[in-house]
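Q: give me coordinates for this.
(chains A and B)
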Amino acid sequence: MPAARTIAGLAAMLRSGETSSRDLCRETIGRIRARADLNAFITIAEDAALAEAGRADALLSGQGEGDGARNRAGDGALGALTGIPIAHKDIFSTFGVRTTCGSRMLAEYIPAFDATVVANLKAAGAVTIGKTNMDEFAMGSSNENSFFGAVANPWDAATVPGGSSGGSAAAVAARLLPAATGTDTGGSIRQPAAFCGITGLKPSYGRVSRHGMVAFASSLDQAGTLTVTCEDAATMLDAMAGFDPRDSTSVDAPPPRAADSLGQTVAGLTIGLPAEFFGGGLDSAVAASVQAALAELEKAGARLVDVALPSSENSIPCYYIIAPAEASSNLSRFDGVRYGFRAGEFDGLTEMYEKTRAEGFGAEVKRRIMVGAYVLSAGYYDAYYMKALKLRRLIADDFARAFERCDVIAGPTTPTCAFRRGAKMDDPVAMYLNDIYTSSVNLAGLPALSIPAGLVSGGEGELPVGLHLIGPYMAEAKLLGVGHQFQQLTDWHERAPPGVGGE
Amino acid sequence: MAAMSFSPADVGKVARLARLSLSAAEVRAYAGDLSRILAMLDRVDTVDTAHITPLWHPGRQSLRMRADSVSEENRRDEFQQAAPAVERGLYLVPRVLG
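A: Numbering: from 1, shown residues only, chains lettered A, B, ... in the order given. Model prediction:
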């Protein structure tokens, strides 16, 4: 793999003096501008990036101030991310840099603080190049719900990159930069990672701070990473994760130390295969790729066993009750008073709220707010919301039982490869079915990974397939270890989209 | 359980709850969308959950308490720069009384 495509490779080049962080940033911004056709970025923060890169270069050349407080290595030594260009999904608040969440509502919003994820990566030395496109308020599976326009899949511009972290996935897949952050509420990191042929990690609920991440569904949202390799995902996670007193659901647990687990062998590993993930709706070419990937792991000494997740068949309705309910509550803060958009003309306070929200939110966000308001309303609360919370218990219990018999659970990330733009925009229920294998993981709060596992004929040429690996609570290091070993055995993660050149 | 479809009047009611002003054409379109979504959600009714404890969130801990001490500095002016209308530290909204 060309060294210039991964964090590990770029870090070595920076340390040997082969390149500088400022040069990397200029090249990265050049590539982003040359691929404006992807529409992967909403904002490029060129001045801030070059200033951060300058500080990294001073540290790299030994002329830094040994500023240990700004560096996670703690002793002023270089961090694994020092000088590495990354991007943030535009859901993470960035001090002084516009943070839109893909919405007209926040199109001009400039935060006065950094999200904890942003601050942690900055402290580890990473350089923020800009903010990536996304479905509005992270609601969508195709990145067609952005106020700033749809994102193209680098493998075939007529197909979607997935969503909601579609800009981050397209940017990493097109090798514009080696890593980007994302968020995953029902599959929003893993599904775009699968559609774009890259590695996507959704950590356990509570592993990474949600402070400064615009809230969609607070019991489901979790920040994670989009990278080319599992090795780089481990580097990013180790820098992002950690206890944060500003997030009341942040877990005060030992650090994941994912980078230290990459060498573990898959020999003796037990992989659980739920029949529910290989059923009727699964595309046969996707199924064949996933089976071939599992055979590869079996050849390396892993044992495949059957497990059952019978309640997962209810995960889509359960998720599409709970997530909109929480969203309708969270998004009530957008009232045209404290921040964001306010309608131009109105008569009185109530009309100001109603017009601000009508003009500020897009169609899918309104749809979900109304579904949420409905399932929480008097007369329907027990039948929908309370019922969904009970189904959620059954779904989580299924996973707990399955993990008594296996170390990780595997299946396809998505039932099909990337679909064509516009194909599902008129049918919200068909769009929601994209989350059929991913949303149960969020309902249970577990960590999961999607890694490239094949290419199948589709669209203009070939489209990627994602292998979905689900782990027990807080087992990110184990998942990334399995993924890394798979990436030593196969080269699917090294395949870049057509026209994406070498160094 | 309400195995029903959304009428335009139902949409109007939910839109009022959610503080969303919708045009007549939007109300008609959302009535169709929400009916289809509701039909999918109604599948949950087929499962017996009589003795199941609801799972509100997947965290493994209860919410922490923190010391009742000042932890933030006053940055009101900075934060209010993001507001549509402020005056002397106050958020301005349309007249509510008389």
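Q: C-alpha from now on. contacts and neighbour counts both.
A: Fine.
Q: residues contacting the residue positioned nearest the centre of chain B?
A: Geometric centre of chain B, nearest residue: residue B:18, 6.6 Å, by CA atoms, centre = their mean. Residues in contact with residue B:18 (CA atoms under 8 Å, 6 or more residues apart in numbering or on different chains) are A:328, A:332, A:369-370, A:373.
Q: okay, it: pLDDT?
A: Residue B:18 is assigned 97 on the pLDDT scale.
Q: same thing with residue A:446?
A: 98.
Q: before we move on, what about the one 5 residues further on?
A: Per-residue pLDDT puts residue A:451 at 98.
Q: where in chain A is the helix or strand with the lowest mean pLDDT?
A: Taking mean pLDDT, DSSP states H and E as the measure, the helices and strands of chain A show their lowest mean at helix A:428-432, namely a mean of 92.
Q: what bridges to residue A:412?
A: residue A:467 (DSSP bridges).
Q: which element, helix or strand, includes the closest residue to residue A:247 other than its chain neighbours?
A: Counting by CA to CA, 6 or more residues apart in numbering or on different chains, residue A:211 is the residue found nearest to residue A:247 once chain neighbours are left out, at 5.5 Å. Counting by DSSP states H and E, there is no helix or strand that carries residue A:211.
Q: residue A:211 contacts residue A:116, correct?
A: Yes. At 5.8 Å, residue A:211 and residue A:116 qualify as touching, with contact defined as CA atoms under 8 Å.
Q: give me the more crowded residue out of those two.
A: residue A:116 (24 against 21; other CA atoms under 10 Å in any protein chain shown).
Q: and the more buried one, backbone torsions?
A: When read as degrees, to the nearest 10, the backbone of residue A:116 gives phi -60, psi -40.
Q: can you pull the contacts of it?
A: A:209-212, A:244.
Q: next helix or strand past the longest helix that chain B contains?
A: Determined from DSSP state H, the single longest helix within chain B is helix B:24-41. Where DSSP H and E defines the elements, the next helix or strand beyond helix B:24-41 is helix B:76-80.
Q: quick one: strands adjacent to whichever helix or strand comes after that next one?
A: With elements assigned by DSSP H and E, the helix or strand that comes after helix B:76-80 is strand B:86-87. On the basis of DSSP bridges, the sheet neighbours of strand B:86-87 come out as strand B:90-91 (antiparallel).
Q: name the residues that touch the strand it pairs with?
A: A:337-338, B:83, B:85.
Q: what's in contact with stretch A:384-400?
A: A:308-312, A:314-315, A:317-319, A:321-322, A:325, A:375-376, A:440, A:443-444, A:472, B:41, B:44-45, B:49, B:52-56.
Q: shaky segments in chain B?
A: Scanning chain B for pLDDT under 70 picks out the ranges B:1-4.
Q: what's the closest non-adjacent residue to residue A:257?
A: Counting by CA to CA, 6+ apart, the residue nearest residue A:257 is residue A:238, at 6.0 Å.
Q: wait, that neighbour sits on residue A:258?
A: Yes. If you go by CA under 8 Å, residue A:238 and residue A:258 touch, sitting 6.4 Å apart.
Q: next, the buried residues of the least confident helix or strand of chain A.
A: A:428-429, A:432 (16 or more other CA atoms under 10 Å in any protein chain shown).
Q: tell me, how many residues neighbour the closest residue to residue B:64 other than its chain neighbours?
A: Nearest residue to residue B:64, sequence neighbours excluded (CA to CA, 6+ apart): residue A:248, at 6.5 Å. Residue A:248 sits with 17 neighbouring residues when counted by other CA under 10 Å.
Q: and residue A:248, what element?
A: Using DSSP H and E, residue A:248 falls outside every helix and strand.
Q: hmm, back to that, could you export the least confident helix or strand of chain A as CSV, CA atoms only?
A: Only the C-alpha atoms of helix A:428-432 are listed here, as CSV (Å, rounded to 0.1, in the frame of the first residue of the first chain):
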residue,chain,number,x,y,z
PRO,A,428,-38.6,6.3,3.5
VAL,A,429,-39.3,2.8,4.6
ALA,A,430,-37.1,1.3,1.9
MET,A,431,-34.4,3.7,2.9
TYR,A,432,-34.7,2.7,6.6
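Q: so after it, what's the next helix or strand?
A: That would be, after helix A:428-432 and using DSSP H and E, helix A:439-444.
Q: contacts for that next one?
A: Helix A:439-444 is contacted from outside by A:184-187, A:205, A:220-221, A:312, A:315-316, A:319, A:392-393, A:395-396, A:399, A:447-448, A:470, B:57-58, using CA under 8 Å, 6+ apart.
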